[in-house]
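*Asks:* Give me the fold of what follows.
(chains A and B)
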Amino acid sequence: MNPDPRRARFERLAPTVIDAVRRYLARRTDPATADDVLSETLLICWRRLDEMPEEHLPWAYAVARNCLANAERAHRRRFRLVARISRLDPPPTVVDGPSPPDGDLAGALSRMRPEDAELLRLWAWEDLAPAGIAVVLGITANAASIRLHRARQRLRDELVGKTGPAAGHDRSTEGSRT
Amino acid sequence: MTDDDLRERLRRADPAARLEPASPALVEHLVEEAMSRTHVRRWTLPVAAALVLLAGGTAWATLRPGPAPEPVPFPIVAAAPVPSVQVPAGGQAKCAEAKPESLAERATIAFAGRVDEVDDSTALMEVTRNYRGADVPRIAVNQPGGNPELLLGSGDFEVGKEYLVSAVGADVMICGYSGEAGTPGLRELYEAAF
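*Replies:* Next comes the predicted model:
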């Protein structure tokens, strides 16, 4: 009997997916959650292998991002219950990763909108072009390109100390633009 | 500061920069785990069809009028919103030649599907063509205890293979109406019926 081509494809792609998604998760969550989410991500990749495009890493990142968001939501629910902390649900964005040792950079990223900081991480850490970022975030490539351009400029502004409210932080109006 | 400068500064702060690559053993473990895990609990809404697939002439012989009883249909489980149906009391019908008119008249569910996953008693199928009443992404066919000799074609569900399945209410149609899509004449039967 011929070997299962679906299985063969998964076995061929899995090592690169595992390596990339492990790094993606290590940048954004704790090791235990990363392990769980990696397993879940691989399971979904296996189940939806037929939908996986040729350029598969952004697609796998998008799966991991959703799995991580689900895991973080579950963590938050448990945390709220146990600690009896009353607060609104955090925004449905991927959580911030461990703080970089570059204090100025960490501060600058923390002052940015989470979605802008995530764009920059995907660009610099996952080494994605706007088209790949678009797949991960579920937006158009054009929107990703524009947002990335603006996010880079905001980070520059933050790093050079232009941190005043008028230093390009159009936070109140930018969110709805795609 | 250029884009390259900015990216380089971000990269120096990459928390995963020193992460060791996954060992081959870990990769193998993760791959096997992914391929062996099943999510049948997501598909627990019983639609209650049944699958009994015939294995060519041999099975045909066992199901002809005579002392050999008709196999009991297997319950089928599918994703919502396939309507819930009930298992018929019968299942004792004798096999006659499969005819498109009969398929068209009796079948309430008919689809082509590729097997995504198989576990002990359930084959999760991605619906690749909806002939009738199967407007859902996936349908799971439960075959408790297995009965591979009843499958038309290769004799069992295999991941990656495509099957043609029809059901009357809760029961998958047997006697040559369901089986591996490549079984000679089966696809033609569906095309003629729908």
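
*Asks:* for chain B, which spans come out with low pLDDT?
*Replies:* Residues of chain B meeting the criterion pLDDT under 70: B:37-96, B:120-121, B:142-156, B:169-170, B:174.

*Asks:* And the helices in it, which stretches?
*Replies:* In order along the chain, chain B carries the following helices (DSSP state H): B:3-12, B:24-36, B:56-63, B:100-106, B:186-193.

*Asks:* These: which one's closest to residue B:116?
*Replies:* Nearest of the helices of chain B to residue B:116, taken as CB to CB: helix B:24-36 at 11.1 Å. To be clear about C-beta, it is placed using only N, CA and C from the backbone, and glycine gets the same treatment.

*Asks:* which parts of the closest one are buried?
*Replies:* B:27, B:30, B:31, B:34, B:35 (16 or more other CB atoms under 10 Å in any protein chain shown).

*Asks:* How about the contacts made by the second one?
*Replies:* Remark: with contacts taken as CB atoms under 8 Å, 6 or more residues apart in numbering or on different chains, residue B:30 is in contact with A:14, A:18, A:38, A:39, A:42, B:22.

*Asks:* on contacts alone, who are the packing partners of the particular helix or strand that has the fourth one in it?
*Replies:* Translated: residue A:39. Assigned by DSSP states H and E, residue A:39 falls within helix A:31-47. Secondary-structure packing of helix A:31-47 (3 or more CB pairs under 8 Å, 6 or more residues apart in numbering or on different chains; DSSP states H and E): helix A:5-26, helix A:56-83, helix B:24-36.

*Asks:* out of those, deepest packed?
*Replies:* helix A:5-26 (a mean of 19; mean count of other CB atoms under 10 Å in any protein chain shown).

*Asks:* now the residue in chain B that chain A sits nearest to: how far from residue A:159?
*Replies:* Closest residue of chain B to chain A, CB to the nearest CB: residue B:13 (2.9 Å). As judged by CB to CB, to the nearest Å, residue B:13 and residue A:159 stand 12 Å apart.

*Asks:* Now do the shared contacts for these two.
*Replies:* Taking CB under 8 Å, 6+ apart as the criterion, residue B:13 and residue A:159 both touch residue A:105.

*Asks:* still on that earlier bit, ok, so of the buried residues of helix B:24-36, who is nearest residue B:172?
*Replies:* Nearest to residue B:172 among these: residue B:35, at 26.3 Å, using CB to CB.

*Asks:* any idea how far that closest one lies from residue B:25?
*Replies:* Residue B:35 sits 16 Å away from residue B:25, going by CB to CB.

*Asks:* Tell me the spatial nearest neighbour of residue B:161, not counting adjacent residues.
*Replies:* Distances taken as CB to CB, 6 or more residues apart in numbering or on different chains place residue B:115 nearest to residue B:161, at 5.7 Å, with adjacent residues excluded.

*Asks:* Do I have it right that that neighbour meets residue B:140?
*Replies:* No: using CB atoms under 8 Å, residue B:115 is not in contact with residue B:140, being 10.1 Å away.

*Asks:* Looking at those two now, which is surrounded by more residues?
*Replies:* Neighbours were counted for residue B:115 and for residue B:140 using other CB atoms under 10 Å in any protein chain shown; residue B:140 has more, 27 against 19.

*Asks:* Identify the bridge partners of the more buried one.
*Replies:* residue B:77, residue B:124 (DSSP bridges).

*Asks:* quick one on the thing from earlier: and the helices and strands packed on helix A:31-47, which one is worst for confidence?
*Replies:* If the helices and strands packed on helix A:31-47 are sorted by mean pLDDT, helix A:56-83 sits at the bottom with a mean of 77.

*Asks:* now do the same end-to-end measure for stretch B:131-138.
*Replies:* 14 Å (CA to CA, to the nearest Å).

*Asks:* tell me the domain boundaries of chain A?
*Replies:* A:1-89, A:101-163 (the TED database).

*Asks:* Can you say which of the helices of chain B is nearest to residue A:72?
*Replies:* helix B:24-36 (21.1 Å).

*Asks:* what angle do the closest one and helix A:31-47 make?
*Replies:* When axes from the mean of the first three to the mean of the last three CA atoms, to 10 degrees is applied, the directions of helix B:24-36 and helix A:31-47 differ by 50 degrees.

*Asks:* got a pLDDT number for residue A:39?
*Replies:* In this model, residue A:39 is scored at 91, pLDDT.

*Asks:* same deal with residue A:117?
*Replies:* Model confidence at residue A:117, given as pLDDT, is 93.

*Asks:* doesn't residue A:107 make contact with it?
*Replies:* No: the pair residue A:117 / residue A:107 is not scored as a contact, 11.5 Å apart, by CB under 8 Å.

*Asks:* So for those two, which residue has more residues nearby?
*Replies:* residue A:117 (21 against 15).

*Asks:* and residue B:26, what is it in contact with?
*Replies:* Per CB under 8 Å, 6+ apart, neighbours of residue B:26: residue A:18.

*Asks:* Return the distance of it relative to residue A:19.
*Replies:* Relative to residue A:19, residue B:26 is positioned 10 Å away (CB to CB).

*Asks:* And for residue A:47?
*Replies:* 20 Å.

*Asks:* again, but for residue B:32
*Replies:* Remark: distance between residue B:32 and residue A:19 (CB to CB) = 17 Å.
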